[in-house]
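A.B. asks: Here is a sequence together with a model predicted from it:
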Amino acid sequence: MESRTTRTYNVRTPSFEGPLELLLSLIEQRKLFVNEVSLADVTADYLAYTKSLSENDEAKGIGTVSYFVLIAATLILIKSRSLLPNLALSNDEEEKIKDLEHRLRLYQIIKNASVDVKTSFGAKVIFFPNDRSWSGPIFAPDVQISVTTIARSIQDVIHNIPKKSEPLPAIEIKKVINIDEMISSLSDRIQNAMNMSFREFAKSHGAESVAEARVHVIVSFLAMLELVREGLIDVIQNNSFEDIHINKQHSPEIITQ
Amino acid sequence: MMPLESKIEGLLFFKGEEISVKKLAELFSVSVSEVDQALGRLSDSYVNRGLVLVRNGEMVVLGVSGELSPLIESIRKEELTKELSKAALETLSIILYKNGVTRSEVDYIRGVNSSFIIRNLLVRGLIEKMIDPKDTRRILYRPTTETLAYMGVSTISDLPNYEEVSKSLTNTLAELTTQE
Amino acid sequence: MMPLESKIEGLLFFKGEEISVKKLAELFSVSVSEVDQALGRLSDSYVNRGLVLVRNGEMVVLGVSGELSPLIESIRKEELTKELSKAALETLSIILYKNGVTRSEVDYIRGVNSSFIIRNLLVRGLIEKMIDPKDTRRILYRPTTETLAYMGVSTISDLPNYEEVSKSLTNTLAELTTQE
């Protein structure tokens, strides 16, 4: 899945755990305040990073990429409005934009506070006493202690050990309408074809010009990642610039085209 | 007759672990507010002493003054883990300054899933679960007394820039609610 | 700068056991007579307090004031007879099946911090500490012989599903090592 060149790219790219961290860092690099204008400013860089993530960062896993994509959808809205001031947005979309600004401000407060926490943490520890030896142990069992209860308790313990691969988190998302349309279209097509090429999918939306086709590719790409986030499809990309194959999940046997 | 704060002192010394204000009131057959006042006097009496009274919400415990930290560390067998990843630091900061926060609120503020980090903080004893008093189906995370001790503060409001940070957090969160 | 008696106070509180005057002098890099004087001042400061400095020849230890002993007695009794919580039983079951496990391993398996529970199990004589033979800095917990006898088990491997359970515990802990 990864070529040597993409590995070098990874080394040069600072790693961002989440989309808000990336966005804030892009805004702070430009010494801007968090608002719609600065968000529009950094959209291109944000998308470039997200794209590089999905293409190169094997370690992150596609599940994390989807968090970046969620925010990317809102950024595309912001960018579109900055380019076309007359563009009317729905209430839902307006809310999404406001919400993103809020989250960034919250995150900024926490990020700054965490610097202080780091400095204080462990610097001057208040210790609590050692296990009390001034009142030596007295054997004081409880009637509950028996082979049966202990055997039951250990089963509870084992049962509660978290499984290694937890399912993708189900956080609530209000989707951007355009992405919604793409998703339903994608879902329908998957129902029919079960296996299709990404280029074929983007093409099938009937672009009129090269520029429009490019927009389709971006939006389709976002829509596809959205589906991945929801665990509906699996994406297989053999090489960075090769076509991406889309499969419905749980059907690994029909990967090859 | 020994004053209440001295009785509490002896008891806390004996227990060697945290105890609730309510339990103290029961044990000494006094009111919670009497215990509160006595705890205040006890805490004041520890100025420049080797002990410190740490209070985390309704829980109190006696600890060794943070000034003696290097000495205690040198005689302690177990080593302290003082390293926290960036993600753990952020999550802990949210829980410290927000003091009572749900997992989805942490996720919302950080923009990523925090369940793995939260589990790690739970295992390290830096945070603990509590039932939301306003909605018993919700689970809130709050810092443990251990965390306050790690930070060298005897109460949450002694955290660096506490007033300012918690105020701006609350204001920003409030903005969001009014808008919805 | 904290006075010597306060430093000694913090240290004695932390240790919770007897320590010699000579050792105190070494720890604080002062003379024995300086320690003696500081101990005198510390003892004086405990008049009407909940703590008392007990000196037995060359040994000193911090204790709870005698006036509080009836209270301490009743608390101790309560601690020893209180029903074990579900969490305590789970912790005990891990220590039984794993027979020689560190606190952080117990924490990792349970997903929460277990220090208070382990402390209580120690006080009740249900488990005991041992030094890890493979790493002398590590402390392991194991069941006491009294616990096994109480359960009517002559050897750990007689516990139900012993093989299977200990295998899944070991596998879980293997993940912990790879993570670190």
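C.D. replies: Perfect, thanks for sending it.

A.B. asks: Might you list the low-confidence residue ranges for the chain?
C.D. replies: Chain wasn't specified; assuming chain A. A:1-14, A:51, A:53-66, A:84-88, A:131-136, A:163-257 (pLDDT under 70).

A.B. asks: wait, chain B
C.D. replies: B:176-180.

A.B. asks: show me where it has helices.
C.D. replies: Using DSSP state H, the helices of chain B run over residues B:4-15, B:21-27, B:32-45, B:69-75, B:86-98, B:103-110, B:115-123, B:145-151, B:162-179.

A.B. asks: could I get those helices as a markdown table with mean neighbour count and distance to residue C:85?
C.D. replies: All C-beta spots, glycine's among them, are computed from the backbone N, C-alpha and C. Converted to a markdown table, these look like this (neighbours: other Cβ atoms under 10 Å in any protein chain shown; distance: least, Cβ to Cβ, whole Å):
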| stretch | mean neighbour count | distance to residue C:85 |
| --- | --- | --- |
| helix B:4-15 | 23 | 17 |
| helix B:21-27 | 16 | 16 |
| helix B:32-45 | 16 | 24 |
| helix B:69-75 | 15 | 30 |
| helix B:86-98 | 24 | 24 |
| helix B:103-110 | 21 | 24 |
| helix B:115-123 | 19 | 17 |
| helix B:145-151 | 24 | 19 |
| helix B:162-179 | 14 | 33 |
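
A.B. asks: would you list the ones you listed in TSV and tack on distance to residue A:78?
C.D. replies: Listed next are the helices of chain B as TSV, based on distance: least, Cβ to Cβ, whole Å:
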stretch	distance to residue A:78
helix B:4-15	55
helix B:21-27	50
helix B:32-45	50
helix B:69-75	48
helix B:86-98	25
helix B:103-110	19
helix B:115-123	29
helix B:145-151	38
helix B:162-179	17
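
A.B. asks: Quick one, which of the ones you listed gets closest to chain C.
C.D. replies: Set against chain C and scored by Cβ to the nearest Cβ, the helices of chain B come closest in helix B:4-15, at 2.9 Å.

A.B. asks: Can you give the contact residues for that closest one?
C.D. replies: For helix B:4-15, contacts defined as Cβ atoms under 8 Å, 6 or more residues apart in numbering or on different chains pick out A:132, A:135, B:19, B:24, B:27-28, B:30, B:34-35, B:38-39, B:41-42, B:45, B:53, B:60-62, C:13, C:48-51, C:62, C:64-65, C:67-68, C:71-72, C:75.

A.B. asks: what are the ranges of the strands in the stretch 51-200 of chain A?
C.D. replies: Using DSSP state E, counting those that start in this stretch, the strands of the stretch 51-200 of chain A run over residues A:195-197.

A.B. asks: Tell me the residues of it that contact chain B?
C.D. replies: By Cβ under 8 Å from any Cβ of the partner chain, the residues of the stretch 51-200 of chain A that approach chain B are A:64, A:67, A:71, A:95, A:98-99, A:102-103, A:105-107, A:109-114, A:116-129, A:131-132, A:135, A:162, A:166, A:169, A:171.

A.B. asks: What subset of those is buried?
C.D. replies: When neighbours are counted using 16 or more other Cβ atoms under 10 Å in any protein chain shown, those contain these buried positions: A:64, A:67, A:71, A:99, A:102-103, A:105-107, A:109-111, A:113-114, A:116-118, A:121-122, A:124-129, A:132, A:169.

A.B. asks: Sort out which of those residues are in helices and list them.
C.D. replies: Using DSSP H, the subset of these located in helices is A:64, A:67, A:71, A:99, A:102-103, A:105-107, A:109-111, A:113-114, A:116-118.

A.B. asks: count of neighbours near residue A:32?
C.D. replies: Neighbour count of residue A:32, defined by other Cβ atoms under 10 Å in any protein chain shown: 14.

A.B. asks: what kind of secondary structure is it in?
C.D. replies: Recorded secondary structure, residue A:32: coil (DSSP: H, G, I helix; E, B strand; the rest coil).

A.B. asks: Distance check, it against chain B.
C.D. replies: As for residue A:32, its distance to chain B is 18 Å (criterion: Cβ to the nearest Cβ, to the nearest Å).

A.B. asks: distance of that residue from residue C:4?
C.D. replies: Using Cβ to Cβ, to the nearest Å, one gets 55 Å for the distance from residue A:32 to residue C:4.

A.B. asks: near chain C, which residues of chain A?
C.D. replies: A:127, A:129-135, A:137-142, A:144-147, A:149-151, A:153-154, A:156-158, A:160-162, A:164.

A.B. asks: So how do I select the buried members of the residues you listed in PyMOL?
C.D. replies: Buried residues within the residues of chain A next to chain C, by 16+ other Cβ under 10 Å, are selected in PyMOL with:
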select buried, chain A and resi 127+129+130+132+134+137+140+141+142+144+145+149+150+151+153+154+157+158+161
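
A.B. asks: Please flag which of the residues of chain A next to chain C sit within helices.
C.D. replies: Members of the residues of chain A next to chain C lying in helices (criterion: DSSP H): A:147, A:149, A:150, A:151, A:153, A:154, A:156, A:157, A:158, A:160.

A.B. asks: so who does residue B:125 touch?
C.D. replies: Per Cβ under 8 Å, 6+ apart, neighbours of residue B:125: B:144, B:146, C:107, C:112, C:113, C:115.

A.B. asks: Look up how far residue A:159 lies from the nearest residue to it once chain neighbours are set aside.
C.D. replies: Closest residue to residue B:125 apart from its sequence neighbours, by Cβ to Cβ, 6 or more residues apart in numbering or on different chains: residue C:113 at 3.0 Å. In this view, residue C:113 and residue A:159 are 20 Å apart by Cβ to Cβ.

A.B. asks: Equivalent analysis for residue B:72, please.
C.D. replies: Distance of residue B:72 to residue A:159, computed by Cβ to Cβ: 39 Å.

A.B. asks: what does chain B put close to chain C?
C.D. replies: Near chain C, when you scan chain B using Cβ under 8 Å from any Cβ, you find B:2-3, B:5-17, B:27, B:48-51, B:62, B:64-65, B:67-68, B:71-72, B:75, B:77-79, B:119, B:122-125, B:128-129, B:144, B:146.

A.B. asks: And for the closest residue to residue B:67 other than its chain neighbours, the neighbour number?
C.D. replies: The shortest distance from residue B:67 to any non-neighbouring residue, by Cβ to Cβ, 6+ apart, is to residue C:2 (5.5 Å). Burial measure for residue C:2: 14 neighbouring residues, criterion other Cβ under 10 Å.

A.B. asks: Torsion angles phi and psi at residue C:2?
C.D. replies: phi -80, psi 130 (degrees, to the nearest 10).
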